[in-house]
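J.: Need coordinates for the below:
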Amino acid sequence: MDTSLLRQFVPLNALSLLTLNALAAQTEEVSLPKGRVVFRQGDDDPWLYFLLEGEVLCQEPNSAPRTIRTGSEQARHALSRTHPRDCSVVAASSFVRLIRVDENLLESCLGADQAAAYEVFEYDGSEDPAWMMHILSKPAFRKIPPANANTMFAHFEPLHGKAGDVVIQQGEHADYYYLIRSGHAQVSRTTPDGVSMVLADLGPGDGFGEEALLTGELRNASVTLRSDCVLMRLSKQDFDSLLKAPLVKSIDLNDARHLIQEGAQLVDVRLEEEFQGGTLRDSLNLPLYLLRLKAQSLDPQTKYILFCQHDQRSSAAAFLLAQRGLDTYVLRGGLAGIKPGEGVSP
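T.: This next block holds a predicted model:
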């Protein structure tokens, strides 16, 4: 996918070139004939659709149909970002081209990219963005706040191994968590009667070693390299702080309403253009990439409820602001988790 095509859309236009190139490799192009449904009201899919060519018809309940054309201001934004969908979209011209992006992956990219941009962490940006994207696209890592993920990449130690090397030995104490950057490994376990059993084959992007770190027990299996490998390892201390216990407090709508009644401030950490397209009442707009510049202007006596489209960017913001002593909360699920007609402010 040509990144120049992606640059025209919000918020893809905020990504660094390296990250955008990596995201482009996981972006799909969809071609539809006239009359074909893009999605229906009530659908709950993980995708963002952007209009690349042609026209689509957007039908919302109790409203007249809207036509969205390529090149219009509306077409710079995704065709509905609500989940479940609050409208139906149908191809209206003879030929329609769309691009389809995984929304969770995009949110993780935006968070990690913007956190790195203002040098909050000692991350020099030299990592391979394609490998980072591969890791962030895995379901388990999508749950990690982007700021934590960024620190994790900065703290990973590379380890080169040869085929046949035993990286983890059953019965040993646990010190590290590992990710395979390249190569393959095998997980095996020896039973009490001395029989060796193969439990799993691992490849690039797969992790191992977390179970013993979480339980505090001895390693219950061995991991042997099947080929020459490059591994990335994370110390137990970093594993505990970055993956096990992220510094983020998540709250639901009811908790948010109570905090607002007590004086808490809503903060939308999305980009300015996203904020202008619609937000929660009485919200401030403080985009993630401006946090370092603006954090000192925030009242340390005020509680802040942060939100974005889901909660990846707001989690990154909460992590960063918490480092500065601010009392922050993340609205669980973000805007996408608020049903039509619901509100947060009393």
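J.: tally of neighbours for the nearest residue to G205 once chain neighbours are set aside?
T.: Distances taken as C-beta to C-beta, 6 or more residues apart in numbering put H134 closest to G205, at 5.1 Å, once the chain neighbours are dropped. Using the backbone N, CA and C atoms, a C-beta is placed for each residue, glycine as well. H134: 17 surrounding residues under other C-beta atoms under 10 Å.
J.: what do you get for L213?
T.: 20.
J.: Repeat that for P33.
T.: When neighbours are counted by other C-beta under 10 Å, P33 registers 10.
J.: Confirm for me that it is in contact with A92.
T.: No: in this structure, P33 is not within contact of A92 by C-beta atoms under 8 Å, at 10.9 Å.
J.: Surely D175 and L234 touch.
T.: No: with contacts counted by C-beta under 8 Å, D175 stays clear of L234, the gap being 10.2 Å.
J.: can you give me the helices in the stretch 101-250 of the chain?
T.: 103-117, 129-136, 139-142, 146-155, 210-215, 236-238 (DSSP state H, counting those that start in this stretch).
J.: is it fair to say L32 lies in a strand?
T.: Yes: assigned with DSSP: H, G, I helix; E, B strand; the rest coil, L32 falls within a strand.
J.: hang on, isn't it packed against S94?
T.: No: the pair L32 / S94 is not scored as a contact, 10.3 Å apart, by C-beta under 8 Å.
J.: Run a quick neighbour tally on Q237.
T.: Neighbour number of Q237 under other C-beta under 10 Å is 10.
J.: ok, now G333?
T.: By the criterion of other C-beta under 10 Å, G333 has 16 neighbours.
J.: list the contacts for it?
T.: 310-311 (C-beta atoms under 8 Å, 6 or more residues apart in numbering).
J.: Over to it: give its phi and psi.
T.: The phi and psi torsions at G333 (degrees, to the nearest 10) take the values phi 90, psi -10.
J.: pLDDT value on it, please?
T.: We have a pLDDT of 90 for G333.
J.: same deal with R142?
T.: 64.
J.: Over to E211?
T.: On the pLDDT scale, E211 gets 70.
J.: In contact with it, which residues are there?
T.: Here E211 is in contact with N220 (C-beta under 8 Å, 6+ apart).
J.: Please tell me how far it sits from I168.
T.: Going from E211 to I168 by C-beta to C-beta, to the nearest Å gives 10 Å.
J.: do the same with I135
T.: Look at I135 and I168: by C-beta to C-beta, they are 20 Å apart.
J.: In PDB, list the C-alpha atoms belonging to stretch 305-325.
T.: What follows is stretch 305-325, C-alpha atoms only, in PDB (Å, rounded to 0.1, in the frame of the first residue of the first chain):
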ATOM      1  CA  ILE A 305     -10.300  11.300  33.300                       C
ATOM      2  CA  LEU A 306      -8.500  10.600  30.000                       C
ATOM      3  CA  PHE A 307     -10.200   9.200  26.900                       C
ATOM      4  CA  CYS A 308      -9.600   8.500  23.200                       C
ATOM      5  CA  GLN A 309     -11.400   6.400  20.700                       C
ATOM      6  CA  HIS A 310     -10.800   3.200  22.600                       C
ATOM      7  CA  ASP A 311      -8.300   3.300  25.400                       C
ATOM      8  CA  GLN A 312      -4.800   2.700  24.000                       C
ATOM      9  CA  ARG A 313      -3.800   6.400  23.700                       C
ATOM     10  CA  SER A 314      -5.500   7.400  26.900                       C
ATOM     11  CA  SER A 315      -3.600   4.600  28.700                       C
ATOM     12  CA  ALA A 316      -0.300   6.000  27.300                       C
ATOM     13  CA  ALA A 317      -1.300   9.500  28.500                       C
ATOM     14  CA  ALA A 318      -2.300   8.200  31.900                       C
ATOM     15  CA  PHE A 319       1.100   6.400  32.200                       C
ATOM     16  CA  LEU A 320       3.000   9.500  31.300                       C
ATOM     17  CA  LEU A 321       1.100  11.900  33.400                       C
ATOM     18  CA  ALA A 322       1.200   9.600  36.400                       C
ATOM     19  CA  GLN A 323       5.000   9.800  36.200                       C
ATOM     20  CA  ARG A 324       4.600  13.500  36.900                       C
ATOM     21  CA  GLY A 325       2.400  12.900  40.000                       C
END
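J.: Comparing D175 and L234, which residue is more hemmed in?
T.: Between D175 and L234, L234 has the larger neighbour count (other C-beta under 10 Å), namely 23 against 15.
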